[in-house]
Every structure is written in structure tokens, then in C-alpha cells.
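Enquirer: mind folding the following:
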Amino acid sequence: MLKILASILLVLTFSFTLSACNKKQSPSDITISPTPSTNVNLVVSQALKPSISPNDTLAAITTKDGQIVVRLFEKEAPNTVKNFLDKANSGFYDGLTFHRVIKDFMAQGGDPKGDGTGGERQLSELNQIPFKKGSLGLARTPDTNKYSNDSQFFICYDDTGCAHLTGDYVNFGTVISGFDVLNKIQSGEKIIKISSYTK
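Expert: This next block holds a predicted model:
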């Protein structure tokens, strides 16, 4: 009889533990499971799910504080997006840093040298998508907008701070989830991983 009671108690304890783990997840978040060809686990706000179309290309920039999920503008900047995803999927960005962070302006990262001088050049796919809070852009040298850096990217913190970049820098994506994570980025902070997922 004692063994039966002990077994029942063990089963009840195990069930409670599982249920407590499930309750820790935020009800406002959903997880997009990875496809067999990727190892990404994107967390997207439930409120944003209706605005994601089946053909959207998403990426997640993972930092120590969580994920910044971005929708990439594949139609407007196809070569830029392809290059970014190729680098992300190869592990190129893993362990690189956000080497330049300016309050009310942007956080810039993806430089293999870590000091703003690294990376190669690629042709700029300039467009008229307005730079605003959450915009994902390519860094470039000030001498010409014909070419942009092929690895350094930045994310805008503010509408006003980035508005003047429209049409002069490549805008190739926008943050759809993780603004709280973006706001915590500090200069020198590591990019743990960038993963891609086409929904």
C-alpha cells in the first residue's frame, strides 16, 4: 500500500513540475519551429503573427538578452538579403560584436575585425523604404553610396535619428519582435548567432 501511495505521489509531483514549466512561457509569444534544414528557433510576438505572410523571410539576431526578429526585404534588396542569409547560415556572424552603439541612433555590428574597418564591398541596392525605428541597414564608407559593406549592418533605435538615411543607405529589413532586446545592446556586446527561417 505504501508503494502504491509513493508511486501516486511521484506521478502527481512530476505532473505539477511539467505544468509549472509550461506556465513560465509568456502567453503572448509563439515559437516558430525550425525546418529540418535550419537550426533556428524564432520567437515572434502573438500580436505580430497576423502581419507575417507565408512568404516572409525572417531572421533572428540572438544576443545575451534574447532574440531580435527581423523581416527581410527580399523583393527590394534581393542580393543584400541573400548575402546576409548566406553569412548567417554559415556561422559568419557567430561571436562577432556590436562595435558601434549610439544612443537614439543605431547599433552597428557584423565586422569581422571588430573595429569598423572589416568586411568587403558589395553593390548598394538603394531603395526608398523609409529608415525608422527597427530598420535594418548596411554600413558603408562616406565617400560613395554606390557600394556598401558586405557584412556590417546596423539597426535603428529611433525614427528621427535614422530618417536622413532614406535613399542613401540600403534598407533591407525591419524588426518585428525584440525591441526590448535591441534597447539593451551595449558597445562591444557579442552577437551569439544570426539564424534564418523562411516561413
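Enquirer: now do Cys162 against Asp104, distance only.
Expert: Distance check for Cys162 against Asp104: by C-beta to C-beta, to the nearest Å, it reads 10 Å. C-beta coordinates here come from the backbone N, C-alpha and C atoms, glycine included.
Enquirer: who has more neighbours, those two?
Expert: Cys162 (24 against 10; other C-beta atoms under 10 Å).
Enquirer: buried ones in the helix or strand harbouring the more buried one, by neighbour count?
Expert: Assessed by DSSP states H and E, Cys162 sits inside helix 159-162. Using 16 or more other C-beta atoms under 10 Å as the test for burial, helix 159-162 gives 161-162.
Enquirer: list the helices and strands whichever helix or strand comes after it packs on?
Expert: Toward the C-terminal end, the helix or strand that comes next after helix 159-162 (DSSP H and E) is strand 171-177. Counting by 3 or more C-beta pairs under 8 Å, 6 or more residues apart in numbering; DSSP states H and E, the packing neighbours recorded for strand 171-177 are strand 42-45, strand 66-72, helix 78-90, strand 135-138.
Enquirer: what's in contact with the helix holding Cys162?
Expert: 104-106, 131-133, 135, 137, 156 (C-beta atoms under 8 Å, 6 or more residues apart in numbering).
Enquirer: farthest pair in those residues?
Expert: Using C-beta to C-beta, the contacts of helix 159-162 span at most 15.7 Å, a distance reached by Asp104 and Gly137.
Enquirer: coming back round to it: how about the helices and strands packed on strand 171-177, which one is nearest Ser148?
Expert: Per C-beta to C-beta, nearest to Ser148 of those: strand 135-138, 4.0 Å.
Enquirer: now stretch 72-81: buried residues?
Expert: For stretch 72-81, the buried set under the neighbour-count rule, 16+ other C-beta under 10 Å, comprises 72-74, 76-77, 80-81.
Enquirer: Ile61 touches Val70, doesn't it?
Expert: Yes: applying C-beta atoms under 8 Å, one finds Ile61 in contact with Val70, separated by 7.0 Å.
Enquirer: shared neighbours of these two, which are they?
Expert: Applying C-beta under 8 Å, 6+ apart, one finds that Ile61 and Val70 are jointly contacted by Ile155.
Enquirer: surely Lys87 is in contact with Leu96?
Expert: No: Lys87 is not in contact with Leu96 according to C-beta under 8 Å; the separation is 10.0 Å.
Enquirer: shared neighbours, the two?
Expert: Gly110.
Enquirer: for Asn145, give its distance to Glu125.
Expert: Distance of Asn145 to Glu125, computed by C-beta to C-beta: 11 Å.
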